[in-house]
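[1] Sequence plus predicted model, see below.
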Amino acid sequence: MESGTCISVDVKGRPKDRVALARAFRGGRPLWRRLPLLAAAIVFTVMVVFGRAAFVRIWDVPLAQAATLSAFAGFALFFVALNLFAPLGRRNLEDPRGTFLKGFRIDVDEAGVHIAGENLDAHHRWPGILRLQETEKHFFVYTDGAQAIVVPKRSFITPDDMARFGAFIRGHIAPVA
């Protein structure tokens with residue numbers, strides 16, 4: 001893990017780690033995760049509101065039964081719409097060709113943060129590291145207001161390694177003037 005003043009960690013990302021980053025940026029569920037629910041809710045509402053009239057007029061069903069049928073149909077269409085739209089957002093997170101899912105190594109030393117992987121070689125000097133956000137399962141090393149390096153805590157061998165990593169980065173981030 002540590003040699004001299006260099007701290008290294010091997011990271012193997014998962015789609016859930018990217019979702020966590022989106023949550024960290026937005027402070028909640030990522031927008032693409034809300035859209036399927038919104039679309040399904042609209043389908044449900046339209047079915048409940050207008051379906052009752054359709055059951056009464058087209059199939060000559062009594063009003064009380066039409067209300068129940070439209071609610072069940074709306075509920076079924078809610079899940080159909082949810083399943084139709086939900087995979088659209090997931091597809092980009094699970095692309096195995098990307099650097100994040102293939103894995104990479106992060107070396108943190110006095111010069112900055114160096115990231116190397118099969119498709120990536122980048123170095124961020126300390127003035128370019130804006131802040132460190134720590135959640136229960138991740139470190140997010142922000143290099144911009146809209147970009148961060150995701151370091152899952154499961155990547156560390158021991159809790160002590162994880163604590164040293166966080167402390168080292170915090171100790172090198174310049175305070176905002």
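    That came through, no problem. Numbers count the residues shown, from 1 in each chain.

[2] going forward, measure contacts between C-alpha atoms and count neighbours the same way
    Noted.

[3] just the strands in this protein please.
    Ranges of strands in the chain, per DSSP state E, are 2-3, 6-11, 104-109, 112-117, 120-125, 131-134, 138-144, 147-152.

[4] Can you flag the weakest of those strands by average pLDDT?
    Lowest mean pLDDT of these: strand 2-3, a mean of 46.

[5] how about D17, what does it touch?
    Residues counted as contacts of D17 (C-alpha atoms under 8 Å, 6 or more residues apart in numbering) are 138, 150, 152.

[6] what about M162, how many residues close to it?
    M162 has 19 neighbouring residues, counting by other C-alpha atoms under 10 Å.

[7] pretty sure it is in contact with F156, am I right?
    Yes: using C-alpha atoms under 8 Å, M162 and F156 qualify as a contacting pair, with a distance of 5.7 Å.

[8] next one: phi and psi at the spatially closest residue to R154 that is not a sequence neighbour?
    Leaving aside its sequence neighbours, R154 sits nearest to K137 (C-alpha to C-alpha, 6 or more residues apart in numbering; 7.4 Å). Torsion angles at K137 (phi, psi; degrees, to the nearest 10) stand at phi -120, psi 0.

[9] so K137 makes contact with F156?
    No: K137 is not in contact with F156 according to C-alpha under 8 Å; the separation is 11.1 Å.

[10] Just list the residues touching the closest residue to V46 other than its chain neighbours, thanks.
    Distances taken as C-alpha to C-alpha, 6+ apart place G74 nearest to V46, at 7.8 Å, with adjacent residues excluded. Applying C-alpha under 8 Å, 6+ apart, we find G74 in contact with 43-48.

[11] quick one: which of K137 and F156 has more around it?
    Set K137 next to F156 and count neighbours by other C-alpha under 10 Å: F156 wins out with 18 against 11.

[12] Got the domain ranges for this structure?
    Following automatic domain parsing, the chain resolves into domains at 2-26+97-172, 31-93.

[13] and the ones you listed, which one is worst for confidence?
    Mean pLDDT values for the domains of the chain show the minimum at domain 31-93, a mean of 74.

[14] ok so, going back, between the contacts of D17, which is nearest V9?
    Proximity of these to V9 (C-alpha to C-alpha) peaks at P152, which lies at 10.0 Å.

[15] ok, that closest one touching P15?
    No: applying C-alpha under 8 Å as the test, P152 and P15 come out as separate, 11.4 Å apart.

[16] Looking at those two, which is more packed in?
    Neighbour totals were compared for P152 and P15, and P152 leads with 23 against 16 (other C-alpha under 10 Å).

[17] which one is the more buried one nearest to, not counting chain neighbours?
    Nearest residue to P152, sequence neighbours excluded (C-alpha to C-alpha, 6+ apart): H138, at 4.4 Å.
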